[in-house]
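J.: Build me a model:
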Amino acid sequence: MPEVLPANMWAYQIANACYFLSYVQWNQVYLRFVLTVGCIFFVIWGFLGLDNQVDIIIWNFGQACINLIHWILMVRKKIVFNFGDPAEGLYQNVFKNVYSRYEFKLLLHRCIKIVEYKSASSQILKAGNDFDTIAILGVVHPDTKVQLKVETPGSEAVVSENMESYSWLGVIDYMNLLEGKKESRDYEQICNISVTITDIVQPLNVFKIDIKKMEKLFRIQTHGMAIQNGMYAKMLDFVGSFIVSLDLEFIEAKRNYFSVMNDNDNEE
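T.: Below you'll find the predicted structure:
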């Protein structure tokens, strides 16, 4: 009859218990944690139970380090923190549904410059300059007027006299830039819009996104695609809604015009 050996030392039992728990974990944070603890106890077992068994100690120490690094990175992404005004307002009103707070933190710290405007006639974007910035308005006071004007060679047209809070500026220019780069890597886009504060009641914060820094952020292996897709989604969403609102304004103006004409005909 084979001899029954006594149970191994306590460190070995704890290590295997952690490995057992890892097989029933769905949550990646808990999974990495129990694997890290299990590897650490295997290292202890290698020292105390096997008289410094070098290969067990080295292999498990290496695995513990890898799992610990992954666990720390995952926990960092779970931490909920407040960006403070005015950046918190930008996150809540624009990016909350497409970015985690960790992803938005990368975008904010690496690409976005917050500029405060306090006087009328301040120009947020100027037509004719090299296009290098997408701007997002902050909270616009009801009595503050922000004019958006499209300028092309030989003509100009005022698109809006009263841009709303969290409006995007320069998205069409950016889309043109992407299309141009498909044809030529040396393509340069000129800014076709002028954005000017014509009347101001309280300071206006504007979030200016550096195009080149943003595109570098897109290339980060772990979060680049998520940040890129989220940015494009918000751009297209705003442009679509803006165009629809302009169409509705045109339809309403047309309806009012014909209503006045009909009233005049009835009076006659």
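J.: any idea which helix or strand comes after the helix or strand Lys208 falls within?
T.: Here Lys208, judged by DSSP states H and E, is contained in strand 204-210. Scanning forward in sequence from strand 204-210 by DSSP H and E, the next helix or strand is helix 211-218.
J.: what helices or strands is that next one leaning on?
T.: helix 101-111, strand 133-137, helix 224-267 (3 or more CB pairs under 8 Å, 6 or more residues apart in numbering; DSSP states H and E). For every residue, glycine as well, the C-beta is placed using N, CA and C.
J.: Worst mean pLDDT among those?
T.: When the helices and strands packed on helix 211-218 are compared by mean pLDDT, helix 224-267 comes last with a mean of 67.
J.: Pop the domain breakdown of the chain in here.
T.: Domain assignment of the chain by automatic domain parsing yields the ranges 10-78, 87-259.
J.: partners of the strand holding Lys208, with directions?
T.: The strands beside strand 204-210 in its sheet (DSSP bridges) come out as strand 112-117 (antiparallel), strand 133-137 (antiparallel).
J.: Can you dump the C-alpha atoms of the first one in CSV for me?
T.: Taking only C-alpha atoms (Å, rounded to 0.1, in the frame of the first residue of the first chain), the coordinates of strand 112-117 have been written out as CSV:
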residue,chain,number,x,y,z
ILE,A,112,-6.5,69.9,-24.3
LYS,A,113,-5.7,73.5,-23.4
ILE,A,114,-8.3,75.5,-21.5
VAL,A,115,-8.4,79.1,-22.5
GLU,A,116,-10.5,81.8,-20.8
TYR,A,117,-12.0,84.7,-22.8
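J.: ok, and what's touching the helix or strand following it?
T.: Moving toward the C-terminus from strand 112-117, the first helix or strand encountered (DSSP H and E) is strand 123-125. Strand 123-125 has contacts (CB atoms under 8 Å, 6 or more residues apart in numbering) with 117, 133, 135, 137, 146, 169-170, 191, 193-197, 206.
J.: could these go into CSV alongside neighbour count?
T.: Below are those laid out as CSV (neighbours: other CB atoms under 10 Å):
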residue, neighbour count
Tyr117, 19
Thr133, 21
Ala135, 19
Leu137, 23
Val146, 25
Leu169, 23
Gly170, 25
Cys191, 19
Ile193, 21
Ser194, 20
Val195, 24
Thr196, 16
Ile197, 22
Val206, 23
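J.: about what we covered before: columns distance to Thr36 on top of the strands paired with strand 204-210, output as JSON lines?
T.: Shown next, in JSON lines, are the strands paired with strand 204-210 (distance: least, CB to CB, whole Å):
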{"stretch": "strand 112-117", "distance to Thr36": "35"}
{"stretch": "strand 133-137", "distance to Thr36": "41"}
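J.: Trp45 is nearest to which of those?
T.: strand 112-117 (49.8 Å; CB to CB).
J.: Buried residues in that closest one, which are they?
T.: Neighbour-count burial for strand 112-117, counted by 16 or more other CB atoms under 10 Å, picks out 112, 117.
J.: quick one, that strand and helix 101-111 angle?
T.: Strand 112-117 runs at 70 degrees relative to helix 101-111, counting by axes from the mean of the first three to the mean of the last three CA atoms, to 10 degrees.
J.: average model confidence for strand 112-117?
T.: The model assigns strand 112-117 a mean pLDDT of 93.
J.: Any idea how far that strand is from the middle of the chain?
T.: Here the centre of strand 112-117 is set off from its chain's centre by 17 Å, with CA atoms, centre = their mean, to the nearest Å.
J.: Check stretch 33-42 too.
T.: Going by CA atoms, centre = their mean, where stretch 33-42 is centred and where its chain is centred differ by 34 Å.
J.: what's in contact with it?
T.: 11-12, 14-19, 21-22, 25, 56, 60-61, 63-64, 67-68, 71.
J.: Let me know the secondary structure of Ala17.
T.: Three-state call for Ala17 (DSSP: H, G, I helix; E, B strand; the rest coil): helix.
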